[in-house]
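Undergrad: Prediction below, plus the sequence it came from.
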Amino acid sequence: MDNMQENTIDLYGDEEIIEVIDLNEMEPDPDDLADDLEDVDFEDAADDDEGWETDNEMEEDQDDSELTFTKHTGSVFCVSLDPATNSMAVTGGEDDKAYVWRVSNGEVLLECTGHKDSVTCAVFSHDSSMVATGDMSGMIKVWKVETKEEVWSFEVGDLEWLEWHPCAPVLLAGTDNGNVWMWKIPSGDCKTFQSSACQATSGKVLPDGKRAVVGYEDGTVRVWDLKQGNAAHVIKGQDGHRGALTCLACNKDGSLVLTGSVDGFAKLVNTATGKVVGAFSLESGKAKAQTEENQSNSVESVGFCNILPLVAVAYLDGTLAIYDLGTQVLRHRCSHEAGIVHLQWEESSSVVSTGCLDGALRLWDARSGGIVSEYRGHTAEILNFTINREASLAVTASGDKQAKVFCLQRPDR
């Protein structure tokens, strides 16, 4: 991998291994060998692995994290930080639970129970007073953090995503039957945004708080007017995606949205006009890129740089692509050894971070395309991560049943 050092581990140390062979010994008869094998206790042999380092043990040798949260008993699927102080994390897991905990010391502040399936969504409200948790079966619960009480719950179809309004106690959810729900919390006043019967795979409330952008399994993107309840724009057909939406992000003022799909494309949409104003692809020709074969290289995560006209697109094949926003020209291709799950730009720099199926968190400088630093510690894939506003720490969620806090230290800080 470019600009990265490989750590090799000598399993045997510096000792020489000498094998003594008796040349007079005849080749064993197969029947004798079978008799000998009957005397071997394979269970004991399997247990007696002292002195050998397994893959996991080798990986465990390097742990760059400051803190490991170990309360979950299954894979940790999601993590987010409280927006008000960035001092609390909420994680959801395969154990049908979510935990709110302090990132400084791992202290559990709230255990969210009562879910019937894996908790795949867990997010704080805009003022950090409430936390919403959602499981795969569609059970959504809202908790008041200070009093640790459940203040609202509701059941929808299979849940795809959950998102708070940026400045009001309003919660939105997308489901696998294509509906988008919006509730006032805790009163539960409800509005639904209905569309064709295919999954609402991703959604984002725009910064103005008046519109939401939703991506669907059939490749359609809709810009919903939250007050009127109608779709202001529907992006589909020739300009739209040819496969399911996987992710979307908006720029700081909400004027542009970047959408990613299994078709291998990221599309740039003007939210005021509903027009596709750009398309980003690793392939040189559009026709070539839209073939079925390209579907194997799905876009997994997208994001805008806040300080430079750059976008980042992360692919399932492990490529992080940095594109010029205006020209859609590929600036840098940053290679990973495994698929990228999620990317996040720092709030006020040109550094973009990636969480990967190889369990590593990496920071890249989008100006040069070079790696800034790499953090290890997980023994399974990173499934989600988030970075605080100051870009001084990252919190990761992993298939190894752990969440970790990493201090992001760089020479220029």
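TA: Received the coordinates, thanks. Numbering: from 1, shown residues only.
Undergrad: so how many other residues sit close to residue 312?
TA: By the criterion of other C-beta atoms under 10 Å, residue 312 has 29 neighbours. Where you see a C-beta, it was placed from the backbone N, CA and C, and this is true even at glycine.
Undergrad: quick one: it and residue 78, what's the gap?
TA: Going from residue 312 to residue 78 by C-beta to C-beta, to the nearest Å gives 21 Å.
Undergrad: again with residue 373
TA: Using C-beta to C-beta, residue 373 is found at 24 Å from residue 78.
Undergrad: Compare those two and say which is more crowded by neighbours.
TA: Higher neighbour count among residue 373 and residue 78: residue 78, with 24 against 16, using other C-beta under 10 Å.
Undergrad: Who does that one form a beta bridge with?
TA: residue 92 (DSSP bridges).
Undergrad: Wait, it touches residue 91, no?
TA: Yes - in this structure residue 78 lies within contact range of residue 91 using C-beta atoms under 8 Å: 6.7 Å.
Undergrad: Quickly list what's touching both of those two.
TA: Taking C-beta atoms under 8 Å, 6 or more residues apart in numbering as the contact rule, residue 78 and residue 91 both touch 122, 397.
Undergrad: Looks like residue 263 contacts residue 219 (just checking).
TA: Yes - taking contacts as C-beta under 8 Å, residue 263 lies within contact range of residue 219: 7.1 Å.
Undergrad: Would you mind grabbing the residues shared as contacts by the two?
TA: What both residue 263 and residue 219 touch, as defined by C-beta under 8 Å, 6+ apart, is the set 241-243.
Undergrad: Compare these and tell me which has the most neighbours.
TA: Within those, neighbour counts (other C-beta under 10 Å) peak at residue 241, which reaches 28 neighbours.
Undergrad: how much space between it and residue 300?
TA: Using C-beta to C-beta, residue 241 is found at 14 Å from residue 300.
Undergrad: what's the answer for residue 162, then?
TA: 19 Å.
Undergrad: Please enumerate the helices of this protein.
TA: Listed in chain order, the helices of the chain (DSSP state H) span 30-38, 42-47, 55-60, 286-289.
Undergrad: In this structure, where is pLDDT below threshold?
TA: For the chain, the stretches flagged by pLDDT under 70 are 1-60, 197, 284-296, 410-413.
Undergrad: Tell me, how many residues neighbour residue 158?
TA: Residue 158 has 13 neighbouring residues, counting by other C-beta under 10 Å.
Undergrad: Would you mind confirming that it makes contact with residue 173?
TA: No - assessed by C-beta under 8 Å, residue 158 is found out of contact with residue 173, at 10.8 Å.
Undergrad: so residue 394 touches residue 351, yeah?
TA: No - using C-beta under 8 Å, residue 394 makes no contact with residue 351, being 11.5 Å away.
Undergrad: More neighbours: these two, which one.
TA: More crowded of residue 394 and residue 351, by other C-beta under 10 Å: residue 394, with 24 against 21.
Undergrad: Tell me what the more buried one is bridged to.
TA: Taking DSSP bridges, one obtains residue 387, residue 406 as the residues bridged to residue 394.
Undergrad: what's near enough to touch it?
TA: Contacts of residue 394 by C-beta under 8 Å, 6+ apart are 353, 361, 375, 385-388, 405-406, 408.
Undergrad: Tell me the one of the residues you listed nearest residue 226?
TA: Checking the contacts of residue 394 against residue 226 by C-beta to C-beta gives residue 386 as the nearest, at 24.9 Å.
Undergrad: dump the residue contacts of that closest one.
TA: The contact partners of residue 386, by C-beta under 8 Å, 6+ apart, come to 79-81, 89, 344, 394-395.
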